[in-house]
Structure formats: C-alpha cells, structure tokens
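Enquirer: Sharing a model that was predicted from the sequence below.
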Protein chains: 2
Amino acid sequence: MNFFFKPETIAVIGATANPVKGGNAIVKNLLAGFKGGIYPVNPKYQQIEGLRCYPSLREIPVAVDLAIIFIPAVQVPAAIEECARCGVPGVMIESGGFAETGTEGRNLQQEIARIRKQTGIRIWGPNCMGLVDAINGRFFSFMDHNAVKRGFIPGRVSLIVQSGMLSASFLVDIMSNNIMGISKVCSIGNKADINENDLLSYLINDPETSVIGLYLESIAAGRRFAELCRQCTKPIVVLKGGKSPKGAAAAISHTASLAGNHRVLEGVLAQSGVFEADDFKQMMDLCRTLDAYPQRPSGSGRTAVITFSGGAGIVAADFIDQMKLSVAELAVPAKNALQAIFPDWMPPTNPVDIWPAIEKNMGTGVDVYKESVQAVLDDPGVDAVLLLAFAGNSRFTFNLAAFDAQAKKAGKPFFIWLSGRRDEAFRAQTEAMSLGIPAFPELRRTVECLSAVFRKRPSPESAVTKNEDSSRITLPPDLCRILESVHGPLDEYISKQILSVYGIPVVSEKLATNPTECLLALDSIGYPLVMKGITPGGVHKTEMGLVELGISNKETAGRTFQKLMEKMNQRGKVLLQQQAEGKIELICGLMRDPQFGVSVMLGMGGVMAEVFAETAFAMAPLFREDALDLIERFRGKKLLEGFRGTPALDREKLAAILIALGNIGLAHPRIAEVDINPLIITATGAVAVDASIILE
Amino acid sequence: MNFFFKPETIAVIGATANPVKGGNAIVKNLLAGFKGGIYPVNPKYQQIEGLRCYPSLREIPVAVDLAIIFIPAVQVPAAIEECARCGVPGVMIESGGFAETGTEGRNLQQEIARIRKQTGIRIWGPNCMGLVDAINGRFFSFMDHNAVKRGFIPGRVSLIVQSGMLSASFLVDIMSNNIMGISKVCSIGNKADINENDLLSYLINDPETSVIGLYLESIAAGRRFAELCRQCTKPIVVLKGGKSPKGAAAAISHTASLAGNHRVLEGVLAQSGVFEADDFKQMMDLCRTLDAYPQRPSGSGRTAVITFSGGAGIVAADFIDQMKLSVAELAVPAKNALQAIFPDWMPPTNPVDIWPAIEKNMGTGVDVYKESVQAVLDDPGVDAVLLLAFAGNSRFTFNLAAFDAQAKKAGKPFFIWLSGRRDEAFRAQTEAMSLGIPAFPELRRTVECLSAVFRKRPSPESAVTKNEDSSRITLPPDLCRILESVHGPLDEYISKQILSVYGIPVVSEKLATNPTECLLALDSIGYPLVMKGITPGGVHKTEMGLVELGISNKETAGRTFQKLMEKMNQRGKVLLQQQAEGKIELICGLMRDPQFGVSVMLGMGGVMAEVFAETAFAMAPLFREDALDLIERFRGKKLLEGFRGTPALDREKLAAILIALGNIGLAHPRIAEVDINPLIITATGAVAVDASIILE
C-alpha cells in the first residue's frame, strides 16, 4: 500500500488549468505539500500550474507510483488499463458516476473490478476524495484548495470514511475550531477494490496513527473487519450510517427478525472492543479522547469534579451516575487540603465547588484552581478529574499547562467542560488541544468521553485462542442425513436432538405416533407434562391449538393424544414433554448475518420477546469471554440472578449454550437459523423447551 | 411582583466603591441600563460611581421600590427589617451564607422567613444573582461588569434558574456565540420566599416572554408547579439537577421504591406538557427552538432533508427515524422539480443530496439550494425541512434570508445543521439567530430539537375539567374504621375490598378461618384455585411459603388449608382465590411523592418489575387524558395489545383503574401507598390478584 500512502511520483490524469475544476484543485493541492514528482496528464495543455503537462501517461519519463484519475466515468476503464500497461501499481479514482448512479455506472464499476483482477493493479475509489495526510502534507484530493492553503493541523487520529464530507469540509470545521489534528484521512468511496479492511490493516501498523475512526455505510467483509478490530491494540471508533430499519426482510425465526438492521453490527462492534459513535462530532470527540488516553487507566472511574458552579457540579454528577462512572468519595487528607483554602463554613465535598474559595482567596496569591486539582489528584480514591471551567471572567483565571503537568504526574485522566466567552473559550480550547487535554463545550459529551476511557476492552489475545471442542462432535448418521437433505424448518423434536448432541440441555421428551407409544412415553417422562402436535414444517403450534399444558394423569394424556391427532388429521405425531418448571424464559439462537456470518443471539423469551426487543448479538465462534460479554451486554441479565421463587442461572452454563450455538452454525453451513424459544431457567440450569432449526 | 421586575427606585444596601467587590458591580450594572433612581447605601462612602451614597435607607429622600442587599449574612435580617419599616415592598438578597452553608446559615434563613411573615415584605433570594432583563437593560446582579458592558442580546426566552452560573457566565457563553437572546433571567437562590412558582406565574403573563426555561435543584410546591405548567400556553423547558438516586429511601411498596429520585418528576413533567432537558446547552437549544415554533405545526413530522453530503443525509435519516419523526416520501411534482436541476443519472430521493446538482449547475445562475428547498416545501407530504449546510466553501453559498422567507410562506419548520469554517459558520449562525432559524452545530441535537417541535402537547383545557366520580363513593363503616385506625400494611383481602369499592376489578376470593369455612368457600369459587396464608402485616407471602397454586380438588384444598394454618401457627387466615388465567402481569399503585403528592404508577409486573424498572408516573387526580397518556408513556404498553395466546386489554379499562387509584389516594390521606401486584390481564379485562394498601 506504500504507493498509495508514500508515492514518489504521481500522475494526475484529468489535470486541468481551469481553476473551477477539481482536476485543477488536485494539482494545486499536490503542489501545496507533496515533495515528489507531479506529472499532470492532459493532451490539451502544455503546462498546468507551472508544471509540464503530458499528453498521455506513456510520455512521462519516470516510473509512476500512483495515478490520480479525475476524468469522466466512461473514460476511466481505458485509463486504468493504460496505467496497468505502464506498470503503475495503484490508481486513485476520484471521479464519480459509478455504482452510485444506476445501471450504467454499476456496469462501469464492474468493468473496473474486472481490470483490477486481470492486471493486478490496485484501485482506490471510485467516487472518493482520496487521501489527506496532514503530517506529511500529502493532499491527494480535489477538495477546495482554500482549505488546503489555510492549513491542516497534524495529529495522530486517522480516519477511514465512506463520505467525502468527512475528508473535506468537516475537517475544515473541526480544524478551524482547533478541536483536533489528524494524521491520515482516507476517503474510500465505492470501494471497487481497496476497502476499509485494507486501510485498517495499513493504519494498524502505521506509526503515525494512534487512533482509527471509521465512518461506514456498508461493510465489505464483516468477519475480517471484526477480526482486524479485535486484533488492533489502537482504539477504534466506528460511526455506521444507515442504521434505521427500512422494512426488515421477512424472516422465519425470531433470531433473524430481532436482528434488525443494526443489532448484529452493534453486538460485533462491542465484542471487538470498538467504540461506537452515532454523530459526526461525537465520533471526533471520541477519537481525540482516545488519542489522549489510548489505554484504559487504572481504577473504576471514580471521578472528582472541580467546579466554579454548584449547579454545573450537580448536573455533572447526574451524568457521571448515568454513564457508569461514579462520584469519588474524597478521603480525609484531600478534604483537609481543600478545607485549608475553603471558607470555614464550607465543608469540602465532591463535586468540589471552588467558587467560595476563589472569593475568599482573591488577591491573596493562593491559586485555588491548582490547589484543589492537586488535592483530588493526590487522593488514591480518585481515578479521574473533571474540571468545569469558564474562560473569560476577568476576576479569575486558570492555567491549563499547570493542570496538565499535575494530571500527567499523577497518571490520572483530566477532562474539561469548557464554557466561556467566544474568543477566550477558543483560546483555552486551542491550548487544551495543544496540551492534549480533552475539552468539550457540552457537559454530557465531556462525561460521555471520560466514560469511554474507562470502558473495559477485550484483550486482543483472546482473539487468537482457539476453541476446539466443537470439532470433535459428530452427529449420528440419521441427523446428518436430515441436515443434508431437508429444506426449511425442522420440527422441534429433531431440532432439539441436534442441539442436544452439541451439549445444549433440552427438555426430556418422547414422540408418539399411536396410543401405545403414548402410554410408553408417559411412564418414562412423569407428570405434569406437555403434549404438542407436531406437523411437518409447522412452527406456530400455539396458534394452531396444538399445545396442551399441565397434563397430570394417564387418562387426560390419552384423551389429549386423540384430540391432537384429530386436529392434525391423523397425519402428525404427538410430542410428550416434561413440563419445565420455571418462570424465566429466555430466547437464544443463531442466524447468518450477510456481513458477519454466523451470529449468536440472546434475548428475552416468551411474551417479553415481542414487547421489549432486548437482544444482544455476537459473532461466532464465541470464546468463553465473548459469551460472558454477550450475557453482560444483554439488558435482561438481571433475570439470571434469581428472584422471589425463581432460580438463579450460572452464567457459565448459559455461556456454554451460546458457544455451542455458534459452533453448530459454523459446523453446518446449511443451517440458516436456530431458535431456542423458550430456554427456561429451572432449578438445575437452563433447558431448551422449544427449538427450531431452519435449513436453507 | 412589579417592584421586582419594574422598580422605579432601587436602593443598593452594601454598595461599595471597591472595584473588586460585588457591591460595586451591582451599582455599575445598574448604571449600565436601569433608567430609574439608584440609591447606594453605605455609611463609609459619600459617593459611589458618581452617585450620592446614603448612610442608611432612612436617609433616602424617595420611596424605594426595591432594595438589593449585598452585605454579610449576619447583617441581613436587620437590613430587611429596616426595609420593611421604610415601606420597601421587596428585597433581593444576593449575599450568600444562608441555608447553603450549614446550621448557622439555616438559622439566619429561618429568621428571614420569619420577618417575611411578620412584615409582609417579599424576599427574592438569598444566595442568588437576582435579575437580568436584557430587553429593558435591568441588570440587578453582581455579575462581572465586563459581561454587562459587552452587551446582552435581547430575546423572548425567559429563564428561572437555581444556579448563578446560568444567570451570569453561561449567558456570556451563549450570547458571545450568537446562539440566542434572552428576555428575563431570574436567579432564585435559596428561595426563602419567592420561588419558581411565583416567577412562573409572573412570566406566564409577561408579554415579553414567549418560552420559559427552568433549571431547578428542588421544587418548592410540586402540585402548584405542575398546575402552572399545565395551564401555561407558552412552551416550558425544565432541566432538573440532582437526578441520580443517592440511596433510595427505604420503602415498603414497589410503587414507592420504583419511584427513584426522578421518575415521578419525569412523569409529572410529561403529564404537564413540559419539555425536559438534561444538559445546559441542550436546554437553551430547546428554548430557542420552541421560541421559533411555539405551536405544534401541522403534520406528523415527515421531514425532507436537503444535504450537501450523502453521508450526512444518511446519518440525519437515522436520527429522524430514532426520534419519532419520519423521512418524507417525496411526491411526483417535488421529484420532477428536483429532476429539472439534478443531473440526468440521479433520481431525486429524500434525503435530497444536492451536491451533484450544485456541480452540474455551477456557473449557470441556477440557485440549487433555493430551488430544492422550494421543491420540498411545496410538497404536501413534507411537514418540515432540515437543511444540512456547510459555511465556508468558496465555490457555493446559500442565502438564509431566502430560505426563511420560503419556509415562512409555506408555514413549515425549517432547521439547519450548520457546520463550517469557524468564522463563516459564526456569521451564518449570527444570521440564523437574527432570522429565528434554529441552527445547531451537532446533527443529533438538530433532529432532537425538530422532534420536540412536533411533540404532542396536552391541551390546557383538560387541566380545568373536573372528574367528580370519586366524591360520590363512600366506604362501608368497617373499612372506614380500618383506614382510620390501623398503621402499616393492610392484608391483601382487606386491601382488595377497599379497591373494589372504588371500582377496581379484583379476583374472586373468600377468607376461611376453619375447615368448614374453607369447604364453603370452595363451592363458590371453583377450580383451579390459589390458597394463601394471611398473617397480620405479612406482605411477603411467597418467600414465607404461604402461597399454593393450582389447587384442583377438594381433597388437596383441605390438606393445603391444614398445612398453611400450621405454618402460621394456627394464628392466620387462609385466603381462597380464583386462579386468574393470564400471562401478562402488570403492577400499578399509588404513592405520596414529597413534591407532587398522590402519584399513580404503572409498570411491568411479576419478575419483570425487578429486571426492567419500566415504570411511568402521573400526578393525581388523573383525568381520562392523563391516564391514557400515562399508559402511552409506559414502555411496556405493547403488553396490552395481545399476543399469541395472551388477551389484549382495552386501554380504557386500564385507564379507569389508574384514575380510581388516584382518587383513592386523594380521598384517604392516611393511605401512604397502594400496590396492585400483579394486575393480571385476563380474557375479560384486568384483575387485581394481589394488592397491598399501606397506611401511615
């Protein structure tokens, strides 16, 4: 990929002298910082921006590392072929008019993909804004030249973005406000060849990148993407555009229908340790925060708040409580240190309201800000400091550089909510940026970003651990045959037989096709029992009146057998099943996500599944840590703790079921979906009471 | 209250010539805009800031309308008494050192309250920053004089704030950024006398106020506050500080323990049509939005998005979907109008990405922005327009005044997400403010505020409708006696008898104290039945093993009777109860909130109550509309719709139960809490299966 990121020679195919055209901006933007050879290509010109212009690529006297192409879409395939013939290793196609524009464009893009395959040339784009490398002054983009001329702030955050805005105008916004600098911004456009995974791989090893932010509207190869994220030790922030469910595809199982458009992605990102953003500036705020604190600090997030306003301290405490941090309890030494500068009538508490102390010490030379910050930093019960500051009051000021030195020495995160008069706040923000102190104009965002720093992250090692249990499992030949030959849903009896082979506890049950079998089954199961009519392909037994509960004696069982057989026109079978005792119903299952493949789901069962679509997903294979994390992310996890009269469930037992589900999906590619609904929590563990395996 | 808001003469008790003191700032701030007579009072000075200074209040030659007091707390009571003696109708105490500082200060504040009662003088504060009236130039505040000197922007939003910051530095922030202007900002401090209700009453009738924002840390008289909010036709926004549960008080009932610190307030605010904010800038954003659109516009919130970036359009659509608006489907005429300026290859869709059209029409004189905005405004299927704009690209610009005229003519809300280069974005923001176009730097906030405009609001008329049903209900004498004499929890049998009198459906049940009564009860109830041991004051029957379910014959019933009596040492009674058939368990009840009095709760019942504390509250009395709104706010409302095998529940039936609960609480002041848990949804309606009334 070095020919994209560090080319020594660049041809600009479609360069022009017309200053309102993008082909002119590309040349100017290259001239603004690129140190290598620039070779404009256009038969209409002798010279562009003082550079010799070549009539064709062939005429360029040196080997070209990278060709930037900005010509009408229909001419692009020929241009790439020419590049390939001339030995150019990579092209960056910034022209639009491809897959984003309809049939004709889609065909052109397929043509490009064909050329890439045939020739081996690597293609970045089309329909993109190329690369911005603020550290090395490489602006391979047709963006407004004024933006380049007015300068970019170099930083350590790199971005991969599927939106031109985020590699052009939006950068102008955040940099003209001195919010953050950037390292490399890669606009990936239609991803005909180079996609987020290629760039992510590159940036993971890029010494100039400390944090990677991605804005994606599609994910090319989800499993690979998740693996890369998981292995990456640099923080990754993802904003996914296009989350709203626009008519979920028809799905037979709950698992698939509960997946929605975004739930699987959300689960996989969490599983992979990725930070998810949902707005543009918030994404940048998370990136710059994680640039300042790439490692999770020690402690649980016990936060000391230093504030100039009681009200702001109270609202900060509300956010701290809401966002899984906690308001630190100050120890006696910290309180004593504060009391020394506080008025006598005011006992120090956290949030630490320093306004009365500022008034008391005005004109005395005591630096109330500095002393208070030091007092809380010295407290071993404080993991982080949140300063609420106002810039622009002529009667008191603060010294950011001093705070930064104090916080660095203590090794504790230091965050600022910065309000203030426009110019003064801008100066303070500028200084905060240069010091690397995360500062934000909104209080909620400040606490949100502080909370992100303390979020637990999966260890990258677990990604390489293999779980090999499942490979040793083989299904009996009859079940194998079914999995190979049947289409659509399997009945619950067969489904549970298969699940059982993989170690998933299923309810004790027997099939009966005649009254004698029914009687035999009764003896081995015991009362109370459930009887269900099983018809081929029938998944909605309850609605069809084929489920009878609470059968407590032989006589009722016999009558029920007859009744069910009649309802099924004597063509079905009757399943006799131990009635599982337990109030808590879960649902779990697997589905094949188009982006991430086999994904495992845990959710609320029974009626609750329909009311609260509270589900959590993870991508298979699940390691123990993934499964426990999946359970932790499940909002109904309190159900597992046991209540008045309901038993608790060992999380390890549930984890084993989730792991097994993933393994089943990976072992049997014809299994499209599995639903265990309900999985009932009983006194001895969790048991699959009803289940359905759906084959392709 | 006019002596506070429109005094003609003001005495400043504690005025000083020392420029670093607040007593000097008050005088300077008055001089900056107050047109009436200013009378500094301080025996140490002859003159302050060019004004004659008086040794005492008595010496002032005119009648004083308002005294602003800024002297040490211990001297304040005497000063107020002096004011009262001199006939000053109101004082504004800006000194601190009262209830916020401990026992001594609390005593001083009680002393002030006593003087207020004795003399009738009205007291604003103490520990406050008084009043800022930007329209009339009245700055009755000790804030930094530089802030006043540099000017405040007059507007129509008034604030009542329990935090000095929000009436001083924070205003400097939002005004120096040209975010909004303000009308009156009232800093209320410790509220020894004048509280939010007094000021709310005033501002409701203030012609210079269109929207009222409140930041409150406590609510003085919750019921009155809720009534005022309900009657107010101006939009009200409330930010409540101190929401986090800091160790919920011990409570016997679920209803009370589920109330938390904030749930009742949240419910009452929603019931009263108040918009709730949770951050400072967001509060101001909501205020200025509702100033621009004080009435709910017609339509359901179908939004057209005009964007310069495809990615921003997609993320905007995600927020629109998430925030109860919808992405408008454009009609054919709108699409045709757009196609006329779009490139041929690009079919118009919403979000309307105008970038390709801008490129196509560059230099042609076609105003792509204006044409696109007009096309969607003309579409009857579009209720609002959201423009995503970038300020600072030299190649394309937009005209906010034209948009504003277009939108006003169409009568549709017009919102802007404004990104841009710092200076250009500031200029655009300044113009947006002067036009009254809501513009925001964060996309999420933009959609959030647009969504607020479309939120349904309760009609103020319903507040004056009375429901008189409950007044006609009288309890039988035996139940009356119990309500008058017992303390603590009533048993479930008596509790349900009382509820039943108020029309709440309860399960069919009988009490038995001996085997004969048990047999008699069996005949009238029928099988299956539930038997429960009832001991005086025993509310946790399940944990004590005193509940037996599914009893299906006389023999088992007899045995169970003996067993339960033994467990209770023959000292209890046995309740025989029809076993209600229904899977859906709700919980509802009432509690007395310290701020809002009798409040009614609806939540998830059974185990789910413990897992998802999904509850909604409203203040009694409930009118039908309140009760239906309470149900609508309940996150589990889908439970009422009926599912596979579970019956639906008519919302009117549930509403009647909630209304009755409120009436019970209002009719019987000794009832502290009521819990109906569970309320089971059966085929014929909802029935209270277990209930507990807790007396004081």
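Expert: Structure's in. What do you need?
Enquirer: Could you check the pLDDT of the closest residue to residue A:35 other than its chain neighbours?
Expert: Excluding its sequence neighbours, the residue lying closest to residue A:35 (CB to CB, 6 or more residues apart in numbering or on different chains) is residue A:137, at 7.6 Å. C-beta coordinates here come from the backbone N, C-alpha and C atoms, glycine included. pLDDT recorded at residue A:137 is 96.
Enquirer: Relative to chain B, how far out is residue A:137?
Expert: 20 Å (CB to the nearest CB, to the nearest Å).
Enquirer: Next: residue A:176.
Expert: 4 Å.
Enquirer: what do you get for residue A:184?
Expert: In terms of CB to the nearest CB, residue A:184 sits 18 Å off from chain B.
Enquirer: how many neighbours does that residue have?
Expert: 24 (other CB atoms under 10 Å in any protein chain shown).
Enquirer: ok, now which ones touch it?
Expert: Residues counted as contacts of residue A:184 (CB atoms under 8 Å, 6 or more residues apart in numbering or on different chains) are A:5, A:131-135, A:158-159, A:203, A:206, A:208-209.
Enquirer: can you do 6 Å?
Expert: The contact partners of residue A:184, taken as CB atoms under 6 Å, 6 or more residues apart in numbering or on different chains, are A:133, A:158.
Enquirer: same check, this time on the one 5 residues further on
Expert: By CB under 6 Å, 6+ apart, the residues touching residue A:189 are A:125-128.
Enquirer: Just send these back as TSV, with secondary structure too.
Expert: Shown next, in TSV, are those (DSSP: H, G, I helix; E, B strand; the rest coil):
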residue	secondary structure
A:125	coil
A:126	coil
A:127	coil
A:128	coil
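Enquirer: Now tabulate the residues you listed in a markdown table and tack on pLDDT, distance to residue B:31 and neighbour count.
Expert: Converted to a markdown table, the contacts of residue A:189 look like this (pLDDT from 0 to 100; distance: CB to CB, whole Å; neighbours: other CB atoms under 10 Å in any protein chain shown):
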| residue | pLDDT | distance to residue B:31 | neighbour count |
| --- | --- | --- | --- |
| A:125 | 94 | 65 | 28 |
| A:126 | 95 | 66 | 29 |
| A:127 | 94 | 62 | 25 |
| A:128 | 95 | 61 | 28 |
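Enquirer: Pull up the residues of the stretch 301-450 of chain A that are close to chain B.
Expert: Neighbours of chain B within the stretch 301-450 of chain A, by CB under 6 Å from any CB of the partner chain: A:309, A:311-312, A:314-315, A:318, A:321, A:345, A:390, A:393-394, A:419-422, A:442-444.
Enquirer: Out of those, which end up buried?
Expert: Among these, the ones that count as buried by 16 or more other CB atoms under 10 Å in any protein chain shown are A:309, A:311-312, A:314-315, A:318, A:321, A:390, A:393, A:419-422, A:442-444.
Enquirer: Which pair in those residues has the greatest spatial separation?
Expert: The most widely separated members of those, counting by CB to CB, are A:321 and A:422 (31.3 Å).
Enquirer: So which of the contacts of residue A:189 is the closest to chain B?
Expert: Lowest distance from chain B to these (CB to the nearest CB) belongs to residue A:127, with 9.7 Å.
Enquirer: Format the CA atom coordinates belonging to stretch A:546-554 as PDB.
Expert: Taking Å, rounded to 0.1, in the frame of the first residue of the first chain, the C-alpha atoms of stretch A:546-554 are listed here in PDB:
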ATOM      1  CA  LEU A 546     -51.600 -27.900  19.100                       C
ATOM      2  CA  VAL A 547     -50.100 -27.300  22.600                       C
ATOM      3  CA  GLU A 548     -51.700 -28.700  25.800                       C
ATOM      4  CA  LEU A 549     -50.100 -27.900  29.100                       C
ATOM      5  CA  GLY A 550     -50.400 -29.300  32.600                       C
ATOM      6  CA  ILE A 551     -51.500 -32.800  31.800                       C
ATOM      7  CA  SER A 552     -51.400 -34.600  35.200                       C
ATOM      8  CA  ASN A 553     -52.700 -38.100  34.600                       C
ATOM      9  CA  LYS A 554     -52.800 -41.000  32.200                       C
END
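Enquirer: Can you give me the buried ones in it?
Expert: For stretch A:546-554, using 16+ other CB under 10 Å, the buried residues are A:546-548, A:551.
Enquirer: Mind telling me the two of the residues you listed farthest from one another?
Expert: Checking those with CB to CB, the most distant pair is A:546 and A:551, at 13.7 Å.
Enquirer: Now do the domain split for chain A, please.
Expert: A:2-291, A:303-429, A:508-579, A:585-695 (automatic domain parsing).
Enquirer: which stretch in those domains has the least confidence?
Expert: Among the domains of chain A, domain A:508-579 scores lowest, with a mean of 87.
Enquirer: Quote the end-to-end distance of that domain.
Expert: From its first residue to its last, domain A:508-579 covers 9 Å (CA to CA, to the nearest Å).
Enquirer: Show me how far it is from its chain's centre.
Expert: Distance, stretch centre to chain centre, for domain A:508-579: 46 Å (CA atoms, centre = their mean, to the nearest Å).
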